[in-house]
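> from the sequence below, what's the structure:
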Amino acid sequence: MSLVLSGCLVRTAANVVTAPVRVVSKGVDLATTSQSEADEARGREIRRREERLGKLEREYREQSEDCEDGKRSACEDARETYAEIQELLPTIPVDPERD
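Sure, this is the predicted structure:
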C-alpha cells in the first residue's frame with residue numbers, strides 16, 4: 001500500500017512541478033496562433049481591397065472611354081469612381097521593387 005501511495009505522491013509532485021511549464025507553453029501556443037490568424041485575416045483583407053481596386057480601375061477605364069465619346073453621365077461616374085480609387089489606394093501596401 002505504501003508503495004502505491006508513494007508512486008501517487010511522486011506523480012502528483014511531478015504534475016505540480018511541470019504545471020507552470022505547461023501553462024506557459026499553452027500561452028505561447030495561443031499567442032502564436034493568434035498572431036498567425038491575425039496575419040491571415042490581414043492578408044485576406046488586403047486581397048479583398050486589391051480585387052476592389054482592380055474592379056474600380058476597369059470601371060474607370062470604361063467610364064472614361066464613354067465620357068470621351070460624349071456620354072455626360074459617364075463623365076460623372078468616372079469622377080466618382082476616380083475618387084473611390086483615391087480613397088482606396090492608401091490602404092493597399094506597396095510591394096518593394098525587386099532588383
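> which helix or strand lies directly C-terminal to the worst-scoring helix or strand of the chain on mean pLDDT?
With mean pLDDT, DSSP states H and E as the measure, the helix or strand of the chain carrying the lowest mean pLDDT is helix 2-68 (a mean of 81). Downstream of helix 2-68, the next assigned helix or strand under DSSP states H and E is helix 72-88.
> packing partners for that following helix?
Packed against helix 72-88, as judged by 3 or more CB pairs under 8 Å, 6 or more residues apart in numbering; DSSP states H and E, are the following elements: helix 2-68. Backbone N, C-alpha and C define where each C-beta goes, glycine included.
> got the CA positions of stretch 35-46 in CSV?
Output in CSV follows, covering the C-alpha atoms of stretch 35-46 (Å, rounded to 0.1, in the frame of the first residue of the first chain):
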residue,chain,number,x,y,z
GLN,A,35,-0.7,36.2,-34.5
SER,A,36,-0.9,33.7,-37.3
GLU,A,37,-4.7,34.1,-37.5
ALA,A,38,-4.3,37.9,-37.5
ASP,A,39,-1.8,37.7,-40.3
GLU,A,40,-4.1,35.5,-42.4
ALA,A,41,-7.0,37.9,-41.8
ARG,A,42,-4.9,40.9,-42.8
GLY,A,43,-3.9,39.1,-45.9
ARG,A,44,-7.5,38.3,-46.8
GLU,A,45,-8.5,41.9,-46.2
ILE,A,46,-5.6,43.2,-48.4
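> how close does the residue nearest the centre of the chain get to residue 36?
The structure's the chain has its C-alpha centroid closest to residue 42; by CA atoms, centre = their mean the separation is 1.3 Å. Counting by CB to CB, to the nearest Å, the gap between residue 42 and residue 36 amounts to 11 Å.
> hmm, who's touching stretch 59-67?
Contacts to stretch 59-67, defined as CB atoms under 8 Å, 6 or more residues apart in numbering, come from residues 74, 75, 77, 78, 81, 82, 85.
> pull out the buried residues from these.
A residue is treated as buried here by neighbour count (16 or more other CB atoms under 10 Å); on that basis the buried members of these are 74, 77, 78, 81, 82.
> could you work out the most separated pair of those?
The most widely separated members of the buried ones among the contacts of stretch 59-67, counting by CB to CB, are 74 and 82 (12.1 Å).
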